[in-house]
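K.L.:
here is a sequence with its predicted model. Questions after.
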Amino acid sequence: MASRKSAVLKNNEEEKQEEEEEEEVSDSPTEVKMSQIIMPCHCNHRQELCVGQLLKWIDITACLSAERHAMSPCVTASMDDINFEHTIRVGQVVSIKSKVNRAFNSSMEVGIQVSCEDLFSGHHWKVCHAYATFVTQRKETGERVLLKPIVPETQKEQLEYSLAAERRRVRMLHDDIIKDLLTHGCDSVEFSNAVAAEKTKVESVELVLPPHTNHQVNTFGGQIMAWMVNVATIAASRLCQTHPTLRTIDMFTFRGPSQIGDRLLLKAIVNNAFTDSIEVGVRAEAYQDLGTNRHINSAFMIFEVLDDHGKPCTLPRLQPEPLEGERRFQEAIARKKIRLDRKYIISRKQCEVPLSVPWNPRNQVYLSYNNVSTLKTLASRKKWRLSSEKDKVRLYSLEEKTMLSFRVDTEVDVPAHTAFSLLAELCNRPSWDTYYQKCDLIHQVDDDDFLYHVVTPSVHPRIHQDFILLASKRRPCGSGDSYVIALRSVLLTSHPPTEGCNRGEVLCAGFIIQDTKNNMSLLSYYNQASPEVLPYISSDIAGLSTSFYNIFSSCREYLTANRLHCTSETITGENLNSSPQSNEADRLSLSLCSTQQ
Ligand SMILES: CCCC(=O)SCCNC(=O)CCNC(=O)[C@H](O)C(C)(C)COP(=O)(O)OP(=O)(O)OC[C@H]1O[C@@H](n2cnc3c(N)ncnc32)[C@H](O)[C@@H]1OP(=O)(O)O
């Protein structure tokens, strides 16, 4: 792996804050640490650590965490996308830290951090992070061992615990997203001097010997991944005729086990070459007798070629083989789009993501993940300050470099599931929040995600403001989870901004609802203000407090008045009583918590 960025020490304020928050002392019993000094035998010809070797260490460390929690043998089911950011060279020390974020039934998510240390300069840097899913082995009876729940302790652990459920959702949809995308065709392009895809084809066989097995005497997952990286690297080298650098691996899925004596057939081919990256598809099959091949793993790997300054070089284009090759060529274009969407929406820091991202079915799952995770991350921040309190409505604020966020806490006399059902029906919000003048459902994406058009008053007296909001509604998926209604703006081609109406944008807003005692619940409402509106808000914090107080008093009354109407999961607006209206000042103050284009 060559380094595009040097091992810079962090100076970004947001990163510093995150690191500070990460520094909570954790006594997680599942935490496992491995450190290795990089020897020439771990490296490629450039004296850089081979990715295959790193994957072996990652798999072992993560498996030890999983087995510590399960107290029984576990296997790797999948390893999510991994993005390698930095080089590790001979003589440096790589440290891998893993712990179980959350246990589901028989599977658990293990979070893995890889960092590197230069012993001479004293510098430390992050290399990558990854999430792997491990599953308990079946008992002799064929049943799976059911896992005990993880009890997160620190705030960071609670956040990871909570987000693990969202990541599981994305993981489970991964194959469908890929397949679905491929139904949306792309135009094929002809390039002069393109390299024939056939030239990049690699087929290699490995015989699974005892040194290739794990402690359960099945083929070691890390070894399979290393063999896959090996053939993929050869395929990429054949295209670029130099030594490529592996930058990203799309999820490894271990579809079935293999054993000693199996022959593993590893096939790789360049699917497509873009201006500065190459996608290689790799497939692993296991067999004892020819013709009885079992597909055990597949992955897509992205390579780059870096110049002496670590900058990506322009690459030759690929001429796909007819039919199958053309299909893979088009699929690689679709996957590149997903990867960009995913990186854009999920991996970037929140302050780097533009406010409204275009919504489409292809990026829905990532936008919805981003929506929920941004709200949960905001809620988990430690530095909330109580600004004012009136009649059990508490207003908190959180100041960060470019953001000012608000939280309103109030206890309501209804259980959390009732509050959730009533508040999740966003079309009813105008009945308790007059800042919402109109709210129409545009599209129900699935059971949990909805697109709405919301009209509100504007700071400008004569024109209205409207929003296109993605609402992601989540019921708890296990103990320790809250009810969540996350809201963020998206762009919809079917609903462009209209004349006479300012298109506003919501960065991050929504409700987190938790049961308290005696059938009551704690309602926390969050709203993040963007830099553009900070001057307005800062000059009128008192007005804002009054607005929040009025609106959430109305909200409380609305919930109490309608608790008996909420007998089913789905509720309609007709049978609900509206609560007292908030005044004009409330609307204007709240509108400051969103931005205008
Ligand atoms: C020292 C390192 C450790 C190793 O070397 S392990 C060796 C490499 N790994 C392997 O050989 C595993 C091969 N795969 C398998 O054996 C099976 O496919 C595997 C993973 C056990 C799943 O078996 P199935 O019969 O499909 O199981 P199931 O449908 O009953 O599901 C059981 C739980 O597993 C989960 N699962 C299955 N495939 C998954 C995936 N791709 N990604 C994430 N989670 C996955 C599934 O959701 C279910 O979870 P839960 O029980 O609801 O918590």
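P.N.:
Everything's here; your move.

K.L.:
show me how this protein divides into domains.
P.N.:
28-138+147-170, 186-352, 353-562 (the TED database).

K.L.:
I'd like those written out as JSON lines, with mean neighbour count and mean pLDDT added.
P.N.:
All C-beta atoms are positioned from the backbone trio N, CA, C, and that covers glycine. JSON lines is the format used below for these (neighbours: other Cβ atoms under 10 Å; pLDDT from 0 to 100):
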{"stretch": "domain 28-138+147-170", "mean neighbour count": "19", "mean pLDDT": "95"}
{"stretch": "domain 186-352", "mean neighbour count": "18", "mean pLDDT": "90"}
{"stretch": "domain 353-562", "mean neighbour count": "19", "mean pLDDT": "88"}
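
K.L.:
with distance to Ile177 as new columns, can those domains be given to me in CSV?
P.N.:
Converted to CSV, these look like this (distance: least, Cβ to Cβ, whole Å):
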stretch, distance to Ile177
domain 28-138+147-170, 8
domain 186-352, 7
domain 353-562, 6
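
K.L.:
how about the helices in this protein?
P.N.:
Taking DSSP state H to define them, one finds helices in the chain at 13-22, 51-70, 155-182, 221-240, 324-342, 364-380, 416-424, 534-538, 541-562, 584-591.

K.L.:
one step back: distance to the ligand for the domains of the chain - can I get that in a markdown table?
P.N.:
Shown next, in a markdown table, are those (distance: least, Cβ to the nearest ligand atom, whole Å):
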| stretch | distance to the ligand |
| --- | --- |
| domain 28-138+147-170 | 3 |
| domain 186-352 | 3 |
| domain 353-562 | 10 |
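
K.L.:
out of these, flag the one nearest Asp176.
P.N.:
Among the domains of the chain, domain 353-562 comes nearest to Asp176, with 8.9 Å by Cβ to Cβ.

K.L.:
please enumerate the strands of the stretch 351-500 of the chain.
P.N.:
Ranges of strands in the stretch 351-500 of the chain, per DSSP state E, counting those that start in this stretch, are 357-358, 385-390, 393-399, 404-412, 438-444, 449-457, 464-474, 483-491.

K.L.:
now the last one, how far from the centre of its chain.
P.N.:
This means strand 483-491. 15 Å (Cα atoms, centre = their mean, to the nearest Å).

K.L.:
partner strands of it, with direction?
P.N.:
Strand pairing for strand 483-491, using DSSP bridges, gives strand 357-358 (parallel), strand 464-474 (antiparallel), strand 509-515 (antiparallel).

K.L.:
got the angle for that strand vs helix 155-182?
P.N.:
Inter-element angle recorded for strand 483-491 and helix 155-182: 50 degrees (by axes from the mean of the first three to the mean of the last three Cα atoms, to 10 degrees).

K.L.:
same check on the third one?
P.N.:
Interaxial angle, strand 393-399 versus helix 155-182 (the same axes, to 10 degrees): 80 degrees.

K.L.:
likewise for the fourth one?
P.N.:
The directions of strand 404-412 and helix 155-182 differ by 100 degrees, with the same axes, to 10 degrees as the criterion.

K.L.:
restrict stretch 102-115 to CA atoms and write it as CSV.
P.N.:
Taking Å, rounded to 0.1, in the frame of the first residue of the first chain, the C-alpha atoms of stretch 102-115 are listed here in CSV:
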residue,chain,number,x,y,z
ARG,A,102,-23.2,-5.6,19.4
ALA,A,103,-24.5,-9.1,19.5
PHE,A,104,-27.7,-10.0,17.6
ASN,A,105,-29.0,-13.6,17.8
SER,A,106,-26.2,-15.8,16.7
SER,A,107,-24.2,-13.1,14.9
MET,A,108,-22.3,-10.1,16.2
GLU,A,109,-20.6,-7.1,14.8
VAL,A,110,-16.9,-6.6,15.6
GLY,A,111,-15.4,-3.2,15.1
ILE,A,112,-11.7,-3.1,14.1
GLN,A,113,-9.3,-0.2,14.2
VAL,A,114,-5.9,-0.4,12.5
SER,A,115,-3.2,2.1,13.3
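
K.L.:
list the contacts of Val164.
P.N.:
Careful, residue 164 is Ala; it's not Val. Remark: with contacts taken as Cβ atoms under 8 Å, 6 or more residues apart in numbering, Ala164 is in contact with Asn101, Arg102, Glu109, Tyr131.

K.L.:
10 Å instead?
P.N.:
Residues near Ala164 by Cβ atoms under 10 Å, 6 or more residues apart in numbering: 100-104, 108-111, 131, 133, 150, 152, 171, 477-478.

K.L.:
same thing with Val229?
P.N.:
50-55, 246, 249, 266, 268, 280, 282, 299, 301.

K.L.:
would you mind measuring from the residue nearest to Ala103 when sequence neighbours are not counted to Ala196?
P.N.:
Of all residues not flanking Ala103 in the chain, Leu147 sits nearest, at 3.8 Å (Cβ to Cβ, 6 or more residues apart in numbering). Per Cβ to Cβ, to the nearest Å, Leu147 is found 49 Å from Ala196.

K.L.:
my guess is Lys97 contacts Val32. True?
P.N.:
Yes. Look at Lys97 against Val32 with Cβ atoms under 10 Å: they come within range, at 7.4 Å.

K.L.:
quick check: neighbours shared by those two?
P.N.:
Thr61, Ser65, Ile112.

K.L.:
quickly list what the last one is bridged to.
P.N.:
Taking DSSP bridges, one finds Ser98, Ala130 as the beta-bridge partners of Ile112.

K.L.:
OK, contacts around Ala268?
P.N.:
Ala268 touches 200-204, 228-236, 238, 280-284, 299, 301, counting by Cβ under 10 Å, 6+ apart.

K.L.:
Asp391 and His565, how far apart?
P.N.:
For Asp391, the distance to His565 - Cβ to Cβ - is 25 Å.

K.L.:
from the contacts of Ala164, which is closest to His417?
P.N.:
Taking Cβ to Cβ as the measure, Cys477 is the one of the contacts of Ala164 closest to His417, at 13.5 Å.

K.L.:
mind listing what that closest one touches?
P.N.:
With Cβ under 10 Å, 6+ apart, Cys477 has these contacts: Arg102, Phe104, Ser162, Ala164, Ala165, Glu166, Arg168, Arg169.

K.L.:
follow-up on the earlier one: pick out the most distant pair among the contacts of Ala164.
P.N.:
Counting by Cβ to Cβ, the most remote pair of the contacts of Ala164 is Pro152 and Arg171, 19.5 Å apart.

K.L.:
let me see the contact set for the residue nearest to Ala103.
P.N.:
66, 69-72, 74, 100, 102-108, 134-136.
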